[in-house]
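*Asks:* Next come a sequence and a model predicted from it.
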Amino acid sequence: MRNPDCFSKYRKIHPQLGPGDNEGGYCVIPLVIDGKITHQMAANVIFSTGDGWDHVSISLPDRCPTWEEMILIKDIFFKEDEIAIEYHPAKSRYVNNHPFCLHLWRPQLVKFPIPPQWMV
């Protein structure tokens, strides 16, 4: 994950979680792609790093983020050479605290397998 200074201009104090620190926090990020606003409301983003994982959750009030919006957030929070993924867990481990929230994950200590480039 990038140094939090890279996205400090977006940081806010979360109403329930407070100000955060260098290992986690809250950002409000305008969704502008190619100069065009994709949503009237900015994305709410909660980020954390710890227990061997970097994590970013992205939510909107009335719909899930699009692929392009997820790329925008990924590029803000992760380095260009880092891979971040969305997990679809087993039903027994599924948690849904917000109907329009998606997550990006990156393990810090393990290099996870990826398919060959021709398959992606």
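*Replies:* Everything's here; your move.
*Asks:* Just give me the neighbour total for residue 28.
*Replies:* By other CB atoms under 10 Å, the residues close to residue 28 number 13. Using the backbone N, CA and C atoms, a C-beta is placed for each residue, glycine as well.
*Asks:* Against residue 68, how distant is it?
*Replies:* 18 Å (CB to CB, to the nearest Å).
*Asks:* swap in residue 1?
*Replies:* In terms of CB to CB, residue 1 sits 21 Å off from residue 68.
*Asks:* Show me where the chain has its strands.
*Replies:* 11-12, 24-29, 32-33, 36-37, 43-50, 53-59, 101-107 (DSSP state E).
*Asks:* Tell me where the protein is predicted with low confidence.
*Replies:* Scanning the chain for pLDDT under 70 picks out nothing.
*Asks:* what are the ranges of the helices in the protein?
*Replies:* Using DSSP state H, the helices found in the chain span residues 67-77.
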